[in-house]
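# How does the following fold in three dimensions:
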Amino acid sequence: MDVKTVCLGMLTEGPASGYDLKKQFESSFAHFFAAGYGSIYPALASLAEQGLVDCEEIPQEGKPDRKVYCISDAGRQHLLEALRNTTPCHKIRSEFLAMLCFAHLMRPADVEAVVEHRLDEIGRYQELFAELSDCMGDWPAGMKFVLGFGKAITEAKEAYIKENRHLLTEEWDAKAATG
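Numbers count the residues shown, from 1 in each chain. Reported below is the predicted structural model:
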């Protein structure tokens, strides 16, 4: 699923600006789908060009007009067709894991700093999940499922890192012991 399709899905909840969608990507979608302004705004422009969203420009004093997007009937149909794909790809792109593939080339202190930074990030995600859990009473079942999935994956990541971080330093510890 691409950014355009996710934006269409978000717009089923009501009209939104690119800024509003970015905030949603940073909150409820942060643990599984990243998108920045550099992909959101081109996606919205493309969707508008294809007639899948309508755009209303709202004048603002001293600022550019605020563009608020609304899903069109054609956009809703396009989204529903995209949601019929029963084999969505599940990818993990992790700079953390890519870097640790080369932990043997890094200084031990740098490896430890990378691991600690990742544990801090996990803690921030856990705080976000707790905040979101407090307000999910009227959420659709799919959003509740995704939040629960995120919590479970995050807890598993934290447990794995804490239980296995020693594997990253065993080579150095062996070298230090043999002198």
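
# What count of nearby residues applies to the nearest residue to residue 171 once chain neighbours are set aside?
For residue 171, ignoring the flanking residues on the chain, the nearest one in space by Cβ to Cβ, 6 or more residues apart in numbering is residue 104 at 6.0 Å. Where you see a C-beta, it was placed from the backbone N, CA and C, and this is true even at glycine. Close neighbours of residue 104, defined as other Cβ atoms under 10 Å, add up to 10.

# Let's verify residue 104: helix, strand, or coil?
helix (DSSP: H, G, I helix; E, B strand; the rest coil).

# Make 44 the starting number, not 1.
Sounds good: first residue 44 from here, last item residue 147.

# So it sits against residue 212, correct?
No: the pair residue 147 / residue 212 is not scored as a contact, 10.2 Å apart, by Cβ atoms under 8 Å.

# Look up how far residue 213 lies from the residue nearest to residue 214.
Separation of residue 147 from residue 213 (Cβ to Cβ, to the nearest Å): 10 Å.

# Mind giving me the packing neighbours of the strand or helix carrying residue 81?
Residue 81 belongs to helix 80-92 when assigned by DSSP states H and E. Counting contacts by 3 or more Cβ pairs under 8 Å, 6 or more residues apart in numbering; DSSP states H and E, helix 80-92 is packed against helix 46-54, helix 61-69, strand 96-103, strand 106-114.

# Apply 6 Å and report the result again.
Packing contacts for helix 80-92, counted by 3 or more Cβ pairs under 6 Å, 6 or more residues apart in numbering; DSSP states H and E, involve helix 46-54, helix 61-69.

# and of those, who's closest to residue 86?
Closest to residue 86 of the helices and strands packed on helix 80-92 is helix 46-54 (Cβ to Cβ; 4.3 Å).

# Need the residues that contact the closest one.
The contact list for helix 46-54 (Cβ atoms under 6 Å, 6 or more residues apart in numbering) reads 64, 67, 78, 82, 86, 90, 114, 118, 122, 125.

# make it 7 Å
The contact list for helix 46-54 (Cβ atoms under 7 Å, 6 or more residues apart in numbering) reads 59, 64, 67, 76, 78, 82-83, 86-87, 89-90, 95-96, 112-114, 118, 121-122, 125.
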